[in-house]
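S.K.: starting from these lines, generate the structure:
(one chain, ligands or ions: 3)
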Amino acid sequence: MADSSLNKVRDTHRAKPASHHGKNAHSPDLLNALVVASYGRHFLARDEAGTIWQVYGKGKRREVAVGDEIVILPSGDKQAWVEDIQTRKNLVYRSDALKSKMFAANLDGVLLMLAVSPPYSPELLGRTLTACKHADVPLTILFNKVDILEGDPETLGDVEQELFEMTLGDVPTHYISVTEKPEETESLLRPLLEGKRTLILGQSGMGKSTLINLLIPGALAATNEISMALNAGKHTTTHTQMHFGEQGLELIDSPGFQAFGLHHLSEADLLNAFSDLRDEGNKCRFANCQHKREPDCAVKNGLEDGTLSPARYELYQMLKAELEEARQNY
Ligand SMILES: Nc1nc2c(ncn2[C@@H]2O[C@H](COP(=O)(O)OP(=O)(O)OP(=O)(O)O)[C@@H](O)[C@H]2O)c(=O)[nH]1
Ligand SMILES: [Mg+2]
Ligand SMILES: [Zn+2]
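M.R.: Ligands and ions are numbered 1, 2, ... in the order given. Down below sits the predicted model:
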């Protein structure tokens, strides 16, 4: 797979076993720590005693994600170097032709938040779905701000239809209102999220931070001050951070995204994420059918008779074209 280098950052020496006393078994100076915040160039990591360190990495050791288990070497007052990144269970990230942006690692699930205001993008939904499928992390959709749609069943129906066309009904989807129906939202989500580490993704303004603050009261207090100052009064989240709640609740807040490149997927990865198109494509007359203008194309036939989803077909062709373009340029 194309992303193997990111999943196995350390490939030259073996992982140092963790000790039960916080100290690393191989060197008394080393500590095991969990990455809890990413500011791009530096990170915050929590050691087993609960101390928060500001950590920096060099070279490959800079490629740290929230949720990573790392080994750190203290260098000064609450400052430390990343010595090692343990092998990841999974990693959700996006990538364009030039660079990757890691969202978080070692996850139990991803929540994608959508809303009608500001309007969600079905394309970004499809891209998130594809990234999660590729990373093998379960995705759940939270359609927030349904209060805005009260008395507008037609729009709600259109939304349901649009979500179905992209997910084929395979993704658990909940319709919520974090601000207008907080108790209902909380009693729905607590059982789904307790004891798990969950990354919350979505475009800006969907309500990610508002939801985290509902489930973990006070979570935002620490981060708001900075973002308020940077964004002229808006609460826009500017970095990725893990928040810890009761009953093992671990929620990772992330900045809203406007793009979701999937350059790390190979063509085979892409086909695996679009198994509906892959399976139908196996019935085309030509083995190398591009499903565009070829005769006896099972995919085109499936689109015509409604067994395949045009939204998924268009996204697949778009992602495939992006991959081909990237290959030509590099
Ligand atoms: N009407 C309505 N507004 C909501 C609801 N949930 C959140 N909001 C509002 O939506 C706005 C954006 O919420 P945030 O939680 O900051 O959104 P975010 O997804 O964290 O945005 P970024 O940090 O920029 O990515 C805030 O003004 C919230 O009060 C809801 O259920 N209904
Ligand atoms: Mg936010
Ligand atoms: Zn075909």
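S.K.: could you look up the SS state of Ala33?
M.R.: What DSSP: H, G, I helix; E, B strand; the rest coil gives for Ala33 is strand.
S.K.: report the contact partners of it.
M.R.: Taking Cβ atoms under 8 Å, 6 or more residues apart in numbering, we find Ala33 in contact with 45-48, 53, 55, 69-72, 80. Quick note: C-beta positions are derived from backbone N, CA and C, even for glycine.
S.K.: make a ChimeraX selection of whichever of those turn out to be buried.
M.R.: Restricted to buried positions by 16 or more other Cβ atoms under 10 Å, the ChimeraX selection for the contacts of Ala33 reads:
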select :45,46,47,53,55,69,70,71,72,80
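S.K.: closest one to Leu303 out of the contacts of Ala33, please.
M.R.: For the contacts of Ala33, the residue nearest Leu303 by Cβ to Cβ is Glu69; the value is 44.8 Å.
S.K.: now the end-to-end length of stretch 87-94.
M.R.: 19 Å (Cα to Cα, to the nearest Å).
S.K.: would you mark the buried spots in that stretch?
M.R.: For stretch 87-94, using 16+ other Cβ under 10 Å, the buried residues are 88-94.
S.K.: inside helices: which ones of those?
M.R.: Mapping these onto helices (DSSP state H) picks out no residues; all lie outside.
S.K.: low pLDDT regions in the stretch 151-300 of the chain?
M.R.: 221-234 (pLDDT under 70).
S.K.: how about the helices in it?
M.R.: With DSSP state H, counting those that start in this stretch, the ranges of helices along the stretch 151-300 of the chain come out as 153-167, 182-193, 208-215, 221-230, 267-273, 275-281, 298-304.
S.K.: quick one: the strands in the protein?
M.R.: In the chain, the strands defined using DSSP state E lie at 31-38, 43-47, 52-56, 69-76, 79-85, 91-95, 100-105, 109-114, 139-143, 173-175, 197-201, 240-244, 250-253.
S.K.: including distance to Glu183, could the ones you listed go into CSV?
M.R.: Listed next are these as CSV, based on distance: least, Cβ to Cβ, whole Å:
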stretch, distance to Glu183
strand 31-38, 29
strand 43-47, 31
strand 52-56, 32
strand 69-76, 35
strand 79-85, 40
strand 91-95, 30
strand 100-105, 28
strand 109-114, 19
strand 139-143, 16
strand 173-175, 15
strand 197-201, 20
strand 240-244, 20
strand 250-253, 18
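S.K.: which of those sits closest to Pro122?
M.R.: The nearest among these, by Cβ to Cβ, is strand 109-114 at 9.1 Å.
S.K.: alpha carbons only: can I get that closest one in CSV?
M.R.: The C-alpha trace of strand 109-114 is given here as CSV (Å, rounded to 0.1, in the frame of the first residue of the first chain):
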residue,chain,number,x,y,z
GLY,A,109,-13.9,5.5,15.0
VAL,A,110,-14.5,8.7,13.1
LEU,A,111,-17.5,11.0,13.4
LEU,A,112,-18.2,13.1,10.4
MET,A,113,-20.3,16.2,11.2
LEU,A,114,-22.5,17.7,8.5
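S.K.: each with direction, which strands does that strand pair with?
M.R.: Next to strand 109-114 in the sheet, as set by DSSP bridges, lie strand 139-143 (parallel), strand 197-201 (parallel).
S.K.: ok, which of the ones you listed comes nearest ligand 2?
M.R.: Ranking those by proximity to ligand 2 (Cβ to the ion) places strand 197-201 first, at 8.6 Å.
S.K.: need the contact partners of that closest one.
M.R.: 67, 92, 103-104, 106-113, 128, 137, 208, 211-212, 242, 250-254, 257.
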